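Undergrad: got a sequence here, can you build the structure:
(one chain, ligands or ions: 2)
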Amino acid sequence: MARSASLHVCSVCGHETARWAGQCPGCGEWNTLVEEARPVGGRDRRGGPGRRGAGSARTPAPVALADVEAVEEARLSTGIGELDSVLGGGIVPGSLVLIGGSPGIGKSTLTTMALANLVAAGRRGLYVSAEESAAQIRLRAERLSSGEPLRIPVIAETDLESVLATLEREHPEVCVIDSVQTLHSAELTSAAGSVGQVREVAGEIMRVAKARRIAVLLVGHVTKDGALAGPRVLEHLVDCVLQFEGERERTYRTVRAIKNRFGSTNEAGVFEMHDHGLVEVLDASARFVGEATRAPGSVVLCAMEGSRPLLVEVQALVSSSELVPPRRVVAGLDRNRLALVLAVLARHGGIGLGAADVFVNVVGGVRVDEPGADLAVALAIASAAKRTALSAAATNRPLACFGELGLTGELRTVAHADRRLAEAAKFGLTPVLEPGGHKTLRHALASALQRDAPAAEAA
Ligand code: TYD
Ligand code: MG
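TA: Ligands and ions are numbered 1, 2, ... in the order given. Below is the predicted model:
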């Protein structure tokens, strides 16, 4: 393929240049030039006029919404309940789903399992791997299949043009592309995984997929902070973005939708990595409550995973610090939220930890991204600082709580209080410390820390 078939376009001013440069000759901005496929001979490779020759634009007539024919399409079930519900009821035919997550989290495992189920249900599937050989994919599939025949058609290919040709020829109903960063278009000179390449690969796959009505599961790697060139630039392009989260060393993983054109973004699925693949965790609350330590520094949070309540243990450790400023280490929660809770604890709870290292962890590798976790963080830290174990009065069960902390020390209500309370009641964790019964952090701390019967034995 011609090596000169690309050009570099500035993402700020749109200036075009044949050669890449660090600084845009048009606007002077740095690192804004991104490689794109050049329209060949005035026509791009889609067969239409090139970017410059778009004079013959169509003029579509607007149609009132009521006159638009609404088609409710049958979804393709992946056979994995948690995944189907995150997608809003299964895969929509012809849709493009991006599955992002850090390396080793289980993206290939999940997509292989889904495709195996779809193929077993009689759907035409195709697994395109640009990362592993067919033999490696077979090894993984064997671990997952528990003896069933391995019927998934696979190709191991890194060249985009070959993959597109295969899609055209085979036109499967569902196709997995693993991954978008390792496919490479010969039209561009930049390396696989660069912004230009990732955009080109996704754009071309989308073109074929929409034309042929192929549902595509596009796998993409994201670093911990989501910074890597790649999936982030595709979010506007695809129909759904699923985020696969969790820590590689832990067994629990969650899949949540952060964009979904065909369903809500409230759903999340919980999985556990076993030696024979990912297993749906349907009783996650029971596990986490059963494993709760109930030592000083531990509290149970009634969290929401999408529209489902989930009980998780939040742990804190407070120790005197040698460092200035002291350490603030957090796993499974937002770091800034911890800073806020510490400030409110100091100002309104009488617990100042300016000279102490503070560690906070959501047990099991679960990530909780909601303000309802504030009170749990505050109580876990207070419990650790006072070396007092918390437990529900009378029942001697772990203390459960939820609620947002306001900057003036008030407890604020959060969404779905009834579902959270019901989930706690299911496991006998009553009464729950929450904004309905306690209006301020000071009040909640007094209730939690005064129950010192089990504290004496734990201390
Ligand atoms: P993988 O799906 O290859 O991750 P990704 O495609 O996101 O990079 O697998 C992730 C890890 O899970 C891998 O290190 C091995 C482990 N694993 C299991 O523990 N059990 C299994 O059945 C499989 C297939 C993988
Ligand atoms: Mg993989």
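
Undergrad: burial measure for residue 119, as a count.
TA: 20 (other C-beta atoms under 10 Å). The way it works is simple: take the backbone N, C-alpha and C, and place the C-beta from them, glycine included.

Undergrad: return the set of buried residues in the helix or strand hosting residue 446.
TA: Assessed by DSSP states H and E, residue 446 sits inside helix 441-450. By neighbour count on 16 or more other C-beta atoms under 10 Å, the buried set for helix 441-450 is 441, 444, 445, 447, 448, 449.

Undergrad: same deal with stretch 169-178?
TA: Residues of stretch 169-178 classed as buried by neighbour count (16+ other C-beta under 10 Å): 171, 172, 173, 174, 175, 176, 177, 178.

Undergrad: who touches the second one in this structure?
TA: Contacts here follow C-beta atoms under 8 Å, 6 or more residues apart in numbering; on that basis residue 172 touches 123, 124, 125, 126, 153, 214.

Undergrad: do the third one as well
TA: Shown in contact with residue 173 (C-beta under 8 Å, 6+ apart): 76, 93, 118, 123, 124, 125, 213, 214, 215.

Undergrad: using ChimeraX, define a selection of the buried residues within the residues you listed.
TA: The ChimeraX selection below is limited to those of those classed as buried (16+ other C-beta under 10 Å):
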select :76,118,123,125,214,215
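
Undergrad: and the buried residues of helix 441-450, which is closest to ligand 1?
TA: Ranked by distance to ligand 1 (C-beta to the nearest ligand atom), these are led by residue 448 at 38.4 Å.

Undergrad: surely the closest one meets residue 434?
TA: No. Contact criterion C-beta atoms under 8 Å: residue 448 and residue 434 do not qualify, at 11.7 Å.

Undergrad: okay, and the common contacts of those two?
TA: residue 401.

Undergrad: contact residues of the stretch 201-350 of the chain facing ligand 1?
TA: Within the stretch 201-350 of the chain, the positions near ligand 1 by C-beta under 6 Å from any ligand atom are 273, 275, 276, 277.

Undergrad: tell me how far the closest residue to the third one other than its chain neighbours lies from ligand 1.
TA: To tie it back to what came earlier, the one meant is residue 276. Setting aside the residues directly before and after it, residue 276 is nearest to residue 143 in space (C-beta to C-beta, 6 or more residues apart in numbering), at 5.7 Å. Distance, residue 143 to ligand 1, using C-beta to the nearest ligand atom, to the nearest Å: 4 Å.

Undergrad: let me know how buried residue 143 is, in neighbour terms.
TA: Neighbour count of residue 143, defined by other C-beta under 10 Å: 14.

Undergrad: per-residue confidence at it?
TA: Here the pLDDT value assigned to residue 143 is 87.

Undergrad: what helix or strand does it sit in?
TA: helix 134-145.

Undergrad: residues in contact with that helix?
TA: Helix 134-145 is contacted by residues 108-109, 112-113, 116, 127, 129, 132, 150, 152, 154-156, 275-277 when judged by C-beta under 8 Å, 6+ apart.

Undergrad: tell me the bridge partners for the nearest residue to residue 259 once chain neighbours are set aside.
TA: Counting by C-beta to C-beta, 6+ apart, residue 259 lies nearest to residue 241, which is 4.2 Å off, once chain neighbours are set aside. When assigned by DSSP bridges, residue 241 has beta-bridge partners residue 98, residue 259.

Undergrad: how much space between residue 241 and ligand 1?
TA: Distance, residue 241 to ligand 1, using C-beta to the nearest ligand atom: 16 Å.
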